[in-house]
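Q: For reference, the sequence and a predicted model appear below.
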Amino acid sequence: MAYQHTIGRKVYKFSDLKVLLAKASPHRSGDVLAGLSASNYEERVAAQIALADVPLKRFLEEEIIPYETDEISRLIIDNHNNTSFTLINTLTVGEFRDWLLSDTTTSEILQSVADGVTPEMAAAVSKLMRNQDMVAVARKIEVVTQFRDTIGLRGRFSTRLQPNHPTDDPRGIAASIIDGLLYASGDAVIGINPATDSLNEVGNLLILMDALRQQFDIPTQSCVLSHITTTLELIRNGFPVDLCFQSIGGTEKSNASFGINLALLDEAYEATLSLKRGTVGQNVMYFETGQGSELSANANLGVDQQTCEARCYAVARRYKPLLVNTVVGFIGPEYLYDGKQIIRAALEDHFCGKLLGLPMGADICYTNHAEADQDDMDNLLVLLGVAGCNFIMGVPGSDDIMLNYQSTSFHDAIYLRKVLGLRPAPEFEQWLIRQGITDEQGNLQSKRNAEIVNQMKSLWMK
Amino acid sequence: MDEIKPLDDTFLEQLKQFTAARIGLGRTGSSIPVKRSLEFNLAHAHARDAVYSELNLDKLVEVLGEFELPVLQLHSQAGYREQYLQRPDLGRLLDEESASLLESQSKLNDVVIIIADGLSATAVNHNAAGLFRVLIPQLRSAGLSIAPICLVKEARVAIADDIGHLLKARLSVILIGERPGLSAADSMGAYLTYKPRPGLTDEARNCISNIRPHGLSANQASKKIFYLIQEALKRKISGVNLKDNAGALEDNTVTGI
């Protein structure tokens, strides 16, 4: 179906919903690279005005990517919950935006409609929202998940401790883990990006983290971010797998380029669940996403990168994940050029994910060829903190020496907790207090640190 | 006084031997102390400057003069750095003038060597000459013919496909600046492609990465490149199917340049 809007004497026509969504997207380099972007400012706003008038119901009738050829389209349509949709099924996209922001639309109401919102509806409405709108709505939505601790409670803010090392040296990784724990990092997960996908090396890292966790009785979970097929092998071989990780895309074709599909994800989910290693809950999946990954795999199928990204969340929510992380600035300036584009994209992803009921975190990050620096990341950190983001990364001094990009530091998380009055996951917070790492108010104590490091010596004295 | 004198985490010193990660930074309040903060800024400044650095053409032409090889100066379709960063597709294609220059040159050669800025011209300015001084004599002593050396601005790895094809070379080697990291802003990569032609993807290439004084030395790099060139020409393949039998090469493909 075609859409149009007239401004003065100029009639802007959009051949279908896919084109309308792309043209209505705030400017970003990836959509220009894909040849999907609006050609000027007026066309973009014309598309937004036309989009505002599209009924939400329309998204159930007009598929962005055909049902027949894409299993994620099938997942979206087949799992759409009409009961949850009842409350909003008469609204247009524009009315939906106003409804989301309304004072009478409470946290509980937003939670109740999550299963009635499709990724494309979420993407569409975000295109009519400013950064502050996305912060305001996301802040209302509390998504809580559990494994060995409870992540996402209001007023709480967690971190993934990311102790990467270019050669996976267990002692080097242990050194970064210890540093991070002393900075109160790691309540979302201690998660390593391995340099290799070798079963034994990855397995040894799992054993290392599990031994540390058990020795100090740390209420958190560990994860090596290997390909899902490696994780399945690790499970079969009896390694201590807490969480199953996978990068996911928003089209069947992009997932094929990652070497995955829904059947494989189903299998890995069931296998991880069967281990029953969680103590307070059984959210066992950890997903990563990021705008532009579909285009970089030549699998965007003419869909703008933010809508593609929202479609990833349909995949994610099938598996009730513990953590979903949008790795927003990692992909480079050909997709998100500068701090402004990275910040907007992160807020979109966080908002869309939360609206769809996901425990969203963000890797607040940039590469050295992007027009961004620490100041941009500081801005985004505060924005996501206010928006109620579940977790961010904790990397020693912001410098990931394995992946060669800059993320948030242990210090950044401490700063955010302090300025916004946020606290770690409750179980982890109690552990920090017991260890003397923080006091009851969350202030770093640093008094017992030398003693703790001494106790951890078994990790590298071999 | 705690608030003024940063906590220095000296008890973590023993752990620093195991990793180059920025551990044990200490803190003032919740922040990184000024000395460490400025160290980070300096590393980032070097990386940023590298991204916007330019090929030192005069110096490169002078060095290449030692080998009495013709030198061609080329440009991609990316007109300027900001466009280059946002349009990798344009960085993979030669502009019209460059393409016609190559067409007028075309004759059969074994190897074409291309020097390109990529994401760090600094890397190439620092490391290309040293590598040339080892590699060119090796190629010559093996009796391989060498096409005119191509210097290309605003280029991505795949521009070697266009160049190699137009020069009718059996094999292309492109030396190109890698994406600068905080630990090294001058790391050069070498990508080798057998039978270069438009439309190839990363699977068709072999990559030698991290060429710099504190990484892979010119001698080590040259040895690996020379080995790969011989194998590729002998077996008429490159890329994932060209494995390292000697065990001397890592089988890595760096993408994104």
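A: Now that the structure is in, tell me what you want to look at.
Q: my guess is A:Ile364 contacts A:Val395, does it?
A: No: taking C-beta atoms under 8 Å as the definition, A:Ile364 is not a contact partner of A:Val395, at 10.3 Å. The way it works is simple: take the backbone N, C-alpha and C, and place the C-beta from them, glycine included.
Q: Spit out the residues that contact those two alike.
A: Here A:Ile364 and A:Val395 have A:407-408 as joint contacts, going by C-beta atoms under 8 Å, 6 or more residues apart in numbering or on different chains.
Q: Of those two, give the one with the bigger neighbour count.
A: Taking A:Ile364 and A:Val395 together and counting by other C-beta atoms under 10 Å in any protein chain shown, A:Val395 has the greater number of neighbours (31 against 28).
Q: who's in contact with the more buried one?
A: Each residue near A:Val395 by C-beta under 8 Å, 6+ apart is listed here: A:162, A:164, A:406-410, B:21.
Q: same check, this time on A:Ala22
A: By C-beta under 8 Å, 6+ apart, the contact list for A:Ala22 reads A:31, A:36-38, A:302-304, A:307.
Q: redo that, cut-off 7 Å
A: Residues near A:Ala22 by C-beta atoms under 7 Å, 6 or more residues apart in numbering or on different chains: A:31, A:36, A:304.
Q: Counting neighbours, which of the residues you listed comes out on top?
A: Within these, most neighbours by other C-beta under 10 Å means A:Asp304, with 29 neighbours.
Q: Can you check the pLDDT for the closest residue to that residue other than its chain neighbours?
A: Of all residues not flanking A:Asp304 in the chain, A:Ala22 sits nearest, at 3.9 Å (C-beta to C-beta, 6 or more residues apart in numbering or on different chains). Note on A:Ala22: pLDDT of 98.
Q: Secondary structure class of A:Ala22, three-state.
A: With DSSP: H, G, I helix; E, B strand; the rest coil as the basis, A:Ala22 sits in helix.
Q: Relative to the whole chain's centre, how far out is the one helix or strand B:Ser100 maps to?
A: Element membership for B:Ser100, per DSSP states H and E: helix B:96-105. Distance of helix B:96-105 from the chain centroid (C-alpha atoms, centre = their mean, to the nearest Å) equals 24 Å.
Q: residues making contact with it?
A: By C-beta under 7 Å, 6+ apart, helix B:96-105 touches B:72, B:74-75, B:148, B:163, B:166-167.
Q: at 8 Å what do you get?
A: The set of residues external to helix B:96-105 that reach it, using C-beta under 8 Å, 6+ apart, is B:72, B:74-76, B:94, B:147-148, B:150, B:152, B:162-163, B:166-167.
Q: Next, the buried residues of the one helix or strand A:Leu205 maps to.
A: For A:Leu205, the element it lies in under DSSP H and E is helix A:199-216. By neighbour count with 16 or more other C-beta atoms under 10 Å in any protein chain shown, helix A:199-216 contains the buried residues A:201-203, A:205-206, A:208-210, A:212-213.
Q: Quick one: distance of the helix or strand harbouring A:Val19 to the chain centre.
A: Assigned by DSSP H and E, A:Val19 belongs to helix A:17-23. Helix A:17-23 sits 24 Å away from the centroid of its parent chain (C-alpha atoms, centre = their mean).
Q: again, but for stretch A:348-358
A: 9 Å.
Q: Same check on stretch A:300-319?
A: Relative to where its chain is centred, stretch A:300-319 has its mean C-alpha point 12 Å off (C-alpha atoms, centre = their mean).
Q: Check stretch A:297-314 too.
A: 15 Å.
Q: Export that stretch to PDB, keeping only CA atoms.
A: What follows is stretch A:297-314, C-alpha atoms only, in PDB (Å, rounded to 0.1, in the frame of the first residue of the first chain):
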ATOM      1  CA  ALA A 297      25.800  -8.800   6.300                       C
ATOM      2  CA  ASN A 298      24.000  -7.600   3.100                       C
ATOM      3  CA  ALA A 299      20.800  -8.900   4.700                       C
ATOM      4  CA  ASN A 300      18.800  -5.800   5.400                       C
ATOM      5  CA  LEU A 301      16.300  -6.400   2.600                       C
ATOM      6  CA  GLY A 302      15.600  -2.800   2.000                       C
ATOM      7  CA  VAL A 303      14.600  -2.200   5.700                       C
ATOM      8  CA  ASP A 304      16.100   0.700   7.600                       C
ATOM      9  CA  GLN A 305      18.700  -0.300  10.200                       C
ATOM     10  CA  GLN A 306      16.600   0.700  13.300                       C
ATOM     11  CA  THR A 307      13.600  -1.300  12.200                       C
ATOM     12  CA  CYS A 308      15.900  -4.300  11.500                       C
ATOM     13  CA  GLU A 309      17.300  -3.800  15.000                       C
ATOM     14  CA  ALA A 310      13.800  -3.800  16.600                       C
ATOM     15  CA  ARG A 311      13.100  -7.100  14.800                       C
ATOM     16  CA  CYS A 312      16.000  -8.600  16.800                       C
ATOM     17  CA  TYR A 313      14.000  -8.100  19.900                       C
ATOM     18  CA  ALA A 314      11.200 -10.400  18.600                       C
END
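Q: thinking again about what came up before, what packs against the next helix or strand after the helix holding A:Val19?
A: Sequence-wise, the next helix or strand downstream of helix A:17-23 (DSSP H and E) is helix A:29-33. In terms of contacts (3 or more C-beta pairs under 8 Å, 6 or more residues apart in numbering or on different chains; DSSP states H and E), helix A:29-33 is packed against helix B:81-86.
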